[in-house]
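**Q** Take a look and give me a structure for this.
(2 chains, ligands or ions: 2)
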Amino acid sequence: MLVTRRIKDVAAFAEPGDAGWARFEPVRIDMIAAPLVMQPTEYIRNSWQGREYGADPGLEVAAVHDGLRWAVRVSWTGVSPGGTDFPDALALALPVRGNPVLMLMGAEDAPIHFLRWQANKPGVKSQLATGIGQSTNSGPELDCSARALARDGRWHVVITRVLGSRGDVAPLEAGGKTGIGFAVWRGGNDERGGIKAFSIDWAELVLDA
Amino acid sequence: MSKRQVAMVMDLNKCIGCQTCTVACKTLWTRREGMEHMLWNTVNTQPGAGTPHNFEKMGGGFKDGVAQPGIRPTVEDFGKAWEFNHKDVFFGGKSDISLAADGGRHGKGPNWDEDQGGGEFPNSHYFYMPRICNHCTHPACLEACPRKAITKREEDGIVLIDEDRCKGYRFCQEACPYKKIYYNEMEGVSQKCIFCFPRIDEGVTTACSRQCPGRVRFVGYLDDPEGPIWKLVTKWKVALPLHAEYGTEPNVFYVPPLSPPKLDEDGNATDEPRIPTEYLVSLFGDGVHHALETVRREQDKSRRGEPSELMDLLIARKWLDMFGPFQKHPRDAARMRPIPANRQGFKNPLGEKDPLSSDEVMASMAESSEPKASTIRFFSKAEYKNGGRA
Ligand code: SF4
Ligand code: SF4
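**A** Residues are numbered from 1 along each chain as shown, chains lettered A, B, ... in the order given. Ligands and ions are numbered 1, 2, ... in the order given. Next up, the predicted model:
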């Protein structure tokens, strides 16, 4: 269970290097390689057969909110050298409505809202998924940010967003409860798309009132 | 499979390696930023490494129907668009400077082994082989894409990448055994030959085929018994796909080149052709024997003054007949539509009487009003959509 403690102001916490984060014990999230059978095309299954990917990155998460804004700090091992074809990346998933299955990336009537950070681009991308291979390039608009720090082979990324819900923005309320999922791509290993490490099921995410 | 399939036949006996097709395509389609290195049409010397270099060793395609792993060609494999020091050479005021690509640190260009060919003197040989995307019937690129971003048009089988669905995963690049997909780093999407579909839709043939001075390229529907493609591919069986063993069922076909006789040590002509038939078989398969025999036989017939449908076809006396149902002039197709953005405000000084006017010519004239260092300007996506205007 990932408990989001309420604090006075999350502004400073937008920086992954902020000393304030030390006060919050991170939670370890187990991740596995997205199985080959789940890869949507034969080409991907055949070309990744016997190739290592999605190694457990030792993902750790802590989160805080101040009644208006939520900040989550995610750390994992796997900083790729520069100049690779694909970027290191992180996505966090929140259900929008209708109990979507995380592993299936949602469904038409049960979308999943992703916030995605990637090492070669500033900021964070909002995406909506309604199934495998069915995520849109532009998800619902919301006020969000991402800052990253690479230290000792580990990425430390803070993603922040406003609380509340609107349209396809996944609901996140003070005093509320929802699920959260994660995916990590190691760009240096050509990981992209469904070739990734991911948390199999929703972890419970609780926000202090 | 699509209902119908447009296809192209290229007669390698006639290609002079002039690259007019390459430039026609470049100026028409790949001028956006991030497309600098893209040549959706390439012409390489065979035997040779091709573009991207050694693409035949990069995997992809199918073996016994099973998708094979492949690698992604880099920009260097394709051959980077070199930057030249034209300004310094022409206007720099230094007498000791000479023309250099990328400050002299250039790698291999897309056509780096031009005219090298193979064989030992006096049996040296080469021929030119243009390549575009084959708009395959069993497209490895389409089947590899996890985003369903690649589609094959129902009405004509043209294979297109939807840039709004594409996320730049580049599985298509790995899967295409012909390595005919480029990656646009600026826009994060894969891009390739579109068989000039906006022209095809208007009954106008592709730019590469219409501009070809060698009358090398035939265009039409694969199943049209009146058109040139069916006649060359199915009836006469003189046009063959490149590397059919890749399993994608390509829809570009080649008439293999004849060559003068091989010379023996004493310099006398032998019965063997100068371009080894085994080499042609390695490219176009066993059908090469039949194709070469047929072309030679019909050639002889023609020499004797006998009629030959095949020779008439290959000689292409009536230029427009090469393009099946796509014979319309681009200008006439354009007349049916509102004036495109790239011609708005442009006044042709010769008006209606201009014998040369065409969309391509007029657009290039409109843009060449002031001299520029480079003849090709690269546009942003937004500018491009707006016909090259900011
Ligand atoms: S040549 Fe390559 S890119 Fe073109 S359709 Fe065939 S597999 Fe796809
Ligand atoms: S195909 Fe035609 S335009 Fe292209 S190089 Fe050959 S002769 Fe020139």
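**Q** quick one, longest helix in chain B?
**A** Ranked by residue count under DSSP state H, the longest helix found in chain B is helix B:287-303.
**Q** helices or strands next to that helix in the packing?
**A** Contact analysis of helix B:287-303 by 3 or more Cβ pairs under 8 Å, 6 or more residues apart in numbering or on different chains; DSSP states H and E lists strand B:240-241, helix B:277-284, helix B:309-315 as its packing neighbours. C-betas here are computed from N, CA, C, even on glycine.
**Q** any idea which of those is most buried?
**A** Comparing the helices and strands packed on helix B:287-303 on average neighbours per residue, with mean count of other Cβ atoms under 10 Å in any protein chain shown, the densest one is strand B:240-241 at a mean of 23.
**Q** so for whichever helix or strand comes after that one, what's the average pLDDT?
**A** Going down the chain from strand B:240-241, the next helix or strand is strand B:252-255, by DSSP states H and E. Strand B:252-255 shows an average pLDDT of 98 in the prediction.
**Q** and stretch B:60-68, which residues are buried?
**A** Neighbour-count burial for stretch B:60-68 flags B:60, B:61, B:62, B:67, B:68 (criterion: 16 or more other Cβ atoms under 10 Å in any protein chain shown).
**Q** so which of those are also by chain A?
**A** B:67, B:68 (Cβ under 8 Å from any Cβ of the partner chain).
**Q** out of the buried residues of stretch B:60-68, who's nearest chain A?
**A** Compare each of the buried residues of stretch B:60-68 with chain A using Cβ to the nearest Cβ and the shortest gap goes to residue B:67, at 4.2 Å.
**Q** For the closest one, name its beta-bridge partners.
**A** Applying DSSP bridges to residue B:67 gives these bridge partners: residue B:62.
**Q** how close does it sit to residue B:278?
**A** 29 Å (Cβ to Cβ, to the nearest Å).
**Q** what does residue B:92 give?
**A** Relative to residue B:278, residue B:92 is positioned 52 Å away (Cβ to Cβ).
**Q** same question, residue B:162
**A** Relative to residue B:278, and taking Cβ to Cβ, residue B:162 is found at 41 Å.
**Q** three-state assignment of the nearest residue to residue B:251 once chain neighbours are set aside?
**A** Across the structure, with Cβ to Cβ, 6 or more residues apart in numbering or on different chains as the measure, the residue nearest residue B:251 apart from its sequence neighbours is residue B:7 (4.2 Å). When states are read from DSSP: H, G, I helix; E, B strand; the rest coil, the local structure at residue B:7 comes out as strand.
**Q** Near residue B:7, how many other residues are there?
**A** Burial of residue B:7, expressed as a neighbour count using other Cβ atoms under 10 Å in any protein chain shown, amounts to 31.
**Q** Spit out the contact partners of the residue nearest to the spatial centre of chain A.
**A** The central residue of chain A, meaning the one whose C-alpha is nearest the mean C-alpha position (Cα atoms, centre = their mean), is residue A:92 at 1.9 Å. For residue A:92, the set of contacting residues under the criterion of Cβ atoms under 8 Å, 6 or more residues apart in numbering or on different chains consists of A:72, A:74, A:114, A:115, A:159, A:180, A:181, A:182.
**Q** Any idea how far whatever helix or strand the fourth one lives in is from the middle of the chain?
**A** Looking back up the chat, that one is residue A:115. Take DSSP H and E as the rule and residue A:115 turns out to sit in strand A:112-118. Centroid separation between strand A:112-118 and its chain, computed with Cα atoms, centre = their mean, to the nearest Å, is 6 Å.
**Q** Export only the CA atoms of that strand, formatted as CSV.
**A** As requested, the backbone C-alpha atoms of strand A:112-118 are provided in CSV (Å, rounded to 0.1, in the frame of the first residue of the first chain):
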residue,chain,number,x,y,z
ILE,A,112,-6.4,4.0,-17.8
HIS,A,113,-4.7,7.4,-17.4
PHE,A,114,-1.0,7.4,-17.8
LEU,A,115,1.5,10.0,-16.9
ARG,A,116,4.7,9.4,-18.8
TRP,A,117,8.2,10.8,-18.4
GLN,A,118,11.0,10.1,-20.7
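**Q** Report the distance from the next helix or strand after it to the chain centre.
**A** Sequence-wise, the next helix or strand beyond strand A:112-118 is strand A:125-129, with elements assigned using DSSP H and E. On the basis of Cα atoms, centre = their mean, the separation between the geometric centre of strand A:125-129 and that of its chain is 11 Å.
**Q** close to chain B, is strand A:125-129?
**A** No: Strand A:125-129 lies apart from chain B when judged by Cβ under 8 Å from any Cβ; the minimum separation is 9.9 Å.
**Q** Return the angle between stretch directions for the following helix or strand past that strand and strand A:125-129.
**A** The helix or strand immediately downstream of strand A:125-129 is strand A:144-151, counting by DSSP H and E. An angle of 110 degrees separates the directions of strand A:144-151 and strand A:125-129 when computed by axes from the mean of the first three to the mean of the last three Cα atoms, to 10 degrees.
**Q** mind listing the helices in the stretch 51-200 of chain B by residue range?
**A** When assigned using DSSP state H, counting those that start in this stretch, the helices of the stretch 51-200 of chain B occupy the ranges B:75-78, B:86-91, B:140-144, B:171-175, B:197-200.
**Q** same thing with chain A?
**A** Taking DSSP H as the criterion, chain A contains helices spanning A:42-48.
**Q** Next step: the contacts of residue A:92 restricted to strands.
**A** Among these, the members falling in strands (DSSP state E) are A:72, A:74, A:114, A:115, A:159, A:180, A:181, A:182.
**Q** Quickly name whichever of those residues is closest to residue B:180.
**A** residue A:114 (32.1 Å; Cβ to Cβ).
**Q** what sits against residue A:129?
**A** By Cβ under 8 Å, 6+ apart, the contact set of residue A:129 is A:93, A:105, A:106, A:111, A:112, A:114, A:135, A:136.
**Q** correction: residue B:131
**A** For residue B:131, the contact set (Cβ under 8 Å, 6+ apart) comprises B:41, B:42, B:43, B:44, B:50, B:51, B:178, B:180, B:242, B:252.
**Q** List the strands paired with the helix or strand of chain A with the lowest mean pLDDT, with their directions.
**A** Within chain A, no helix or strand scores below strand A:164-166, which has a mean of 91 by mean pLDDT, DSSP states H and E. According to DSSP bridges, the neighbouring strands of strand A:164-166, each with its direction, are strand A:169-172 (antiparallel).
**Q** which residues are contacting the partner strand?
**A** The contact list for strand A:169-172, computed with Cβ under 8 Å, 6+ apart, reads A:70, A:94-96, A:112-113, A:126, A:140, A:142, A:161, A:163-165, A:178, A:207.
**Q** got a list of what residue B:224 touches?
**A** Taking Cβ under 8 Å, 6+ apart, one finds B:230, B:324, B:325 in contact with residue B:224.
**Q** Next: residue B:130.
**A** Going by Cβ under 8 Å, 6+ apart, the list of residues near residue B:130 reads B:10, B:15, B:21, B:22, B:41, B:42, B:43, B:208, B:216, B:217.
**Q** The third one: neighbour count?
**A** By other Cβ under 10 Å, the residues close to residue B:21 number 28.
**Q** Ramachandran coordinates for it?
**A** phi -60, psi -40 (degrees, to the nearest 10).
**Q** picking up where we left off before, so which of the contacts of residue B:131 is surrounded by the most neighbours?
**A** Using other Cβ under 10 Å as the contact criterion, the top neighbour count among the contacts of residue B:131 goes to residue B:180, which has 27 neighbours.
**Q** Can you tell me, leaving aside adjacent residues, what's nearest to that one?
**A** Using Cβ to Cβ, 6+ apart and skipping residues adjacent in sequence, the residue nearest residue B:180 is residue B:133, 4.4 Å away.
**Q** Just the ones in strands from the contacts of residue B:130, please.
**A** Using DSSP E to define strands, the subset of those located there is B:10, B:42, B:43, B:217.
**Q** Save those as JSON lines, and put in distance to ligand 2 and pLDDT too.
**A** Written out in JSON lines, the entries for the ones in strands among the contacts of residue B:130 read as follows (distance: Cβ to the nearest ligand atom, whole Å; pLDDT from 0 to 100):
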{"residue": "B:10", "distance to ligand 2": "6", "pLDDT": "98"}
{"residue": "B:42", "distance to ligand 2": "10", "pLDDT": "98"}
{"residue": "B:43", "distance to ligand 2": "4", "pLDDT": "98"}
{"residue": "B:217", "distance to ligand 2": "6", "pLDDT": "98"}
